[in-house]
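Colleague: here you go, sequence then predicted model.
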Amino acid sequence: MNARAQANLVSFAAAVVLISVVTVAGVVVAEEALSDVAGQSQNERVASVTATYLVSDSAPHTHRHGVLHASAIESLTITNLTTAVPSLAGRSARVSIHDTPIIDRGTPTKSLIRRRVLIESYTTRSQDIVLANVSGSESSNISIPEHLGDVTVSILPTTNRTVQTIRADGRIVRHNPAGLSVQKHHISSSRHPLNLSIVSTGNTSGKLLIAWQTADTTLAWVEVRVGE
């Protein structure tokens with residue numbers, strides 16, 4: 001082997017050593033970074049599962065997916081959450097809904113997970129309907145612009161006047177020519193407005209009570225932080 005070949009071989013060996021050192025150093029750095037990310041990922045995973053539960057349609061504090069009952073979320077406890085998300089047990093956690101702390105345990109500083117939600121609060125509204133004091137059959141009407149769930153029609157006791165028919169948007173939903181014997185009727189309809197027509201007969205006046213719920217909604221964030 002001549003001098004030039006020996007020099008090339010020495011250079012090649014040095015390059016291989018340098019590459020090996022760089023590679024080992026790179027692997028060490030990557031493993032350290034990966035280890036650090038893995039530690040964060042565990043908290044993030046628990047926070048994500050917790051946030052998913054908080055907006056789930058199967059949770060007792062939601063009306064449907066992503067829609068929370070205003071009154072129900074106020075009673076949430078860390079026990080509720082750890083029962084639903086066992087991996088949260090023993091960890092620090094902070095849960096805020098619409099900037100209001102709901103759960104605050106320890107001092108978690110990482111793993112912020114956010115979910116956009118609607119918070120619904122409900123108001124019961126009602127209206128009395130006077131059945132006309134006319135001889136024979138009479139139709140009384142009411143239009144309900146917004147309602148959540150069923151509309152309840154309560155027939156208040158009276159003499160010599162009976163309710164025979166209840167129509168919702170022209171569709172007969174209750175009917176008995178001899179008079180409806182049940183005093184309270186729950187009318188299901190997703191239409192807005194809901195137009196009710198009540199047909200009664202007799203020779204005196206009567207009264208109905210129509211009741212329904214309306215929802216007020218607020219756009220908010222659910223924020224979950226989980227730490228060790």
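Modeller: Yes, it's here.

Colleague: please make it C-alpha for all contacts and neighbour counts, starting now.
Modeller: Will do.

Colleague: helix or strand right after the worst-scoring helix or strand of the chain on mean pLDDT?
Modeller: Scoring the helices and strands of the chain by mean pLDDT, DSSP states H and E places helix 3-54 at the bottom, with a mean of 55. Note on helix 3-54: by DSSP states H and E, the next helix or strand toward the C-terminus is strand 62-64.

Colleague: go through that next one and flag the buried ones.
Modeller: Across strand 62-64, burial judged by 16 or more other C-alpha atoms under 10 Å covers 62-63.

Colleague: try stretch 169-176
Modeller: Going by 16+ other C-alpha under 10 Å, stretch 169-176 has these buried residues: Asp169.

Colleague: chain center to that stretch: distance?
Modeller: Relative to its parent chain, stretch 169-176 has a centroid offset of 33 Å by C-alpha atoms, centre = their mean, to the nearest Å.

Colleague: touching it from outside, list them.
Modeller: Stretch 169-176 has contacts (C-alpha atoms under 8 Å, 6 or more residues apart in numbering) with 164-167, 180, 187, 194-197.

Colleague: kindly recompute the last result at 10 Å.
Modeller: For stretch 169-176, contacts defined as C-alpha atoms under 10 Å, 6 or more residues apart in numbering pick out 143, 162-168, 180, 185-189, 191-199.

Colleague: just the residues you listed: which are in strands?
Modeller: Using DSSP state E, the subset of the contacts of stretch 169-176 located in strands is 143, 162-168, 185-187, 194-199.

Colleague: quick one: buried ones out of those residues?
Modeller: By 16+ other C-alpha under 10 Å, the ones in strands among the contacts of stretch 169-176 give 162-168, 185, 187, 194-199 as buried.

Colleague: widest-spaced pair of the residues you listed?
Modeller: Thr162 and Leu194 (22.8 Å; C-alpha to C-alpha).

Colleague: flag the shaky bits of this protein, pLDDT-wise.
Modeller: By pLDDT under 70, the low-scoring segments of the chain are 1-40, 110, 134.

Colleague: need the residue closest to the centroid of it.
Modeller: Computing the C-alpha centroid of the chain and ranking residues by C-alpha atoms, centre = their mean puts Val67 first, at 2.7 Å.

Colleague: against Tyr122, how distant is it?
Modeller: 12 Å (C-alpha to C-alpha, to the nearest Å).

Colleague: list residues touching both of those two?
Modeller: Thr217.

Colleague: which residues does Cys123 contact?
Modeller: Quick fix: residue 123 is Thr, not Cys. Counting by C-alpha under 10 Å, 6+ apart, Thr123 has contacts 147-148, 212-216.

Colleague: now the residues you listed as CSV including neighbour count and secondary structure?
Modeller: Shown next, in CSV, are the contacts of Thr123 (neighbours: other C-alpha atoms under 10 Å; DSSP: H, G, I helix; E, B strand; the rest coil):
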residue, neighbour count, secondary structure
His147, 21, coil
Leu148, 16, strand
Trp212, 20, strand
Gln213, 17, strand
Thr214, 16, strand
Ala215, 14, strand
Asp216, 11, strand
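
Colleague: which two from the residues you listed end up farthest apart in space?
Modeller: Longest span within the contacts of Thr123, C-alpha to C-alpha: Trp212 and Asp216, 13.6 Å.

Colleague: per the annotation, how does this structure divide into domains?
Modeller: Segmentation of the chain into domains, based on automatic domain parsing, reads 1-124+215-228, 133-204.

Colleague: any idea what Arg115 is bridged to?
Modeller: Val222 (DSSP bridges).
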